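Trainee: just the structure for this:
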Amino acid sequence: MTFAELYGRSATARGEAPGRVNLIGEHTDYNGGFVLPAAIPRRTIVDLAPRPDRVVRAWSAEFAESPPIEYALGQEQRRHEWVDYVQGLTWVLAGDGLNRGFDARIESTVPLGSGLSSSASLEIALGRAVREAFALPLDDVTLAVRGRRVETDFVGAPVGIMDQMACSLADTTSALFLDTRTLEYSRVPLPTDATLLVIDSGIKHRHAGGEYKTRREECTRAAALLGVPELRDVKPAELERVNALPEPLNRRARHVVTENARVLDTVAALKNSDLRAAGRLFGASHASMRDDFQISIPPIDALVEVARGVQGVYGARLTGGGFGGSIVALANRARAPEAAQLIVQAYNREHHGAARVLVP
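Mentor: Residues are numbered from 1 along each chain as shown. Purely as a prediction, here's the structure:
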């Protein structure tokens, strides 16, 4: 349904934001470390019109058969459904002067549960629409910080800042090299003869609670035992101390320490157009997520192995929080479309899967 069909008037503001894929740097963001995400050409679009009262009405094309969900500013209560991201944002933005309601229409091509930040994409797109409609003084970094508060303080997902920063600042032609402690960032162009493949395994994942929360708690305990504020402060030369930690904290910390180093090495490899080196780093990252951080699952491991065996693919790895979602592969640009189809066909045939190509 169009905005006019839903609300009987025209929208006056629009916000857009992409989904993101993380090239490398998994579970390092909430440890104060480095990440290297990029935007994907799948987006969330929010059309919006202010209201004279404090009522918010929101409709999502993902649930097209349902009418708009309605609530009042100041009365946000978690419902454990998609509208919590809308409620969370209005709850957070009250501190920035949001005191009037609005009608919103949401449409997205970022698949839910795919590990490509559908929630952060919604937070940033909605935040941009609200910013425009009410002239709120929020720059893109501040908007990302507010979006993270939606997840951590309202939804209850203990995420880092990477997703919101990527959806707010990244583009599809370069990777965003981000220091999650300082929020300093720079853009690292992808070599012209390379591109990214993103393949959805068909296995959905969730951030709120569960193993994701457990991993974060394990990292906090490991940092405390090592006597540092965050695992970011541990260098690869100190791995002997890391390995002496009790199980499984030694492996959790080892992943974070080595993954931070891999991010830095991948940035250097991309700047030097050394795609084979970058591909090897992708492979080492996946092995670390599988064996040390234990966030991969057998179907994802199988999908990565299939991808690694296809001609034109330099490397592949799980991307996102883990326990399902998508993989990312670095591939030769000329071979990429054919390689992506070959990966999906071979995996689905051999493993009776439901994988699909999302990018390109």
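
Trainee: and stretch 231-250, what's its mean pLDDT?
Mentor: When the per-residue pLDDT values of stretch 231-250 are averaged, the result is 98.

Trainee: kindly apply the preceding question to stretch 183-191 instead.
Mentor: The average pLDDT for stretch 183-191 rounds to 97.

Trainee: how about stretch 7-17?
Mentor: In this model, stretch 7-17 has an average pLDDT of 98.

Trainee: and for stretch 267-278?
Mentor: The average pLDDT for stretch 267-278 rounds to 98.

Trainee: show me what counts as buried in that stretch.
Mentor: 267, 269-270, 274-275, 277-278 (16 or more other C-beta atoms under 10 Å). Every C-beta, even on glycine, is put in place using the N, C-alpha and C of the backbone.

Trainee: so which of those residues sit within helices?
Mentor: 267, 269-270, 275, 277-278 (DSSP state H).

Trainee: now, the most widely separated pair of those?
Mentor: The widest separation within these, taken as C-beta to C-beta, falls between 267 and 275 and amounts to 13.5 Å.

Trainee: partner strands of the longest strand along the chain and their direction?
Mentor: Ranked by residue count and defined by DSSP state E, the top strand of the chain is strand 34-50. Note on strand 34-50: by DSSP bridges, its sheet partners are strand 13-24 (antiparallel), strand 102-108 (antiparallel), strand 174-179 (antiparallel).

Trainee: residue 163 is nearest to which of those strands?
Mentor: When these are ranked by distance to residue 163, counting by C-beta to C-beta, first place goes to strand 13-24 at 6.3 Å.

Trainee: residue 318 and residue 299 touch, don't they?
Mentor: No - contact status for residue 318 versus residue 299: not in contact, 10.6 Å apart, counting by C-beta atoms under 8 Å.

Trainee: neighbour count for those two, which is higher?
Mentor: Neighbour comparison, residue 318 and residue 299: the larger count goes to residue 318, with 29 against 18 (by other C-beta atoms under 10 Å).

Trainee: okay, angle between the strand or helix carrying that one and strand 34-50 too, please.
Mentor: Under the criterion DSSP states H and E, the helix or strand holding residue 318 is strand 313-319. Here strand 313-319 runs at an angle of 60 degrees relative to strand 34-50 (axes from the mean of the first three to the mean of the last three C-alpha atoms, to 10 degrees).

Trainee: tell me which residues are up against strand 313-319.
Mentor: Applying C-beta atoms under 8 Å, 6 or more residues apart in numbering, the external contacts of strand 313-319 come out as 21-24, 26, 115-116, 194, 197-198, 275-276, 278-283, 285-286, 289-290, 295-296, 300, 303-304, 307-308, 325-332, 339, 343.

Trainee: got the CA coordinates for that strand in PDB?
Mentor: Extracted C-alpha coordinates of strand 313-319, given in PDB (Å, rounded to 0.1, in the frame of the first residue of the first chain):
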ATOM      1  CA  VAL A 313      36.700 -16.700  -5.400                       C
ATOM      2  CA  TYR A 314      39.700 -15.500  -3.300                       C
ATOM      3  CA  GLY A 315      38.200 -16.200   0.100                       C
ATOM      4  CA  ALA A 316      35.000 -16.600   2.000                       C
ATOM      5  CA  ARG A 317      33.800 -16.300   5.600                       C
ATOM      6  CA  LEU A 318      30.700 -16.000   7.800                       C
ATOM      7  CA  THR A 319      29.600 -12.400   8.200                       C
END
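
Trainee: off-centre distance for that strand?
Mentor: Offset of strand 313-319 from its chain centre (C-alpha atoms, centre = their mean, to the nearest Å): 16 Å.

Trainee: pLDDT (mean, whole number) over that strand?
Mentor: Taken as a whole, strand 313-319 carries a mean pLDDT of 98.

Trainee: I'd like to know which elements the helix or strand hosting residue 240 is packed against.
Mentor: Element membership for residue 240 (DSSP H and E) is helix 239-243. Using 3 or more C-beta pairs under 8 Å, 6 or more residues apart in numbering; DSSP states H and E as the contact criterion, the elements in contact with helix 239-243 are helix 210-226, helix 249-271.

Trainee: circling back: please identify the deepest-packed of the strands paired with strand 34-50.
Mentor: Burial of these is given as mean neighbour count (mean count of other C-beta atoms under 10 Å); strand 13-24 ranks first at a mean of 25.

Trainee: and that strand with helix 249-271, angle?
Mentor: Using the same axes, to 10 degrees, the direction of strand 13-24 lies 110 degrees away from that of helix 249-271.
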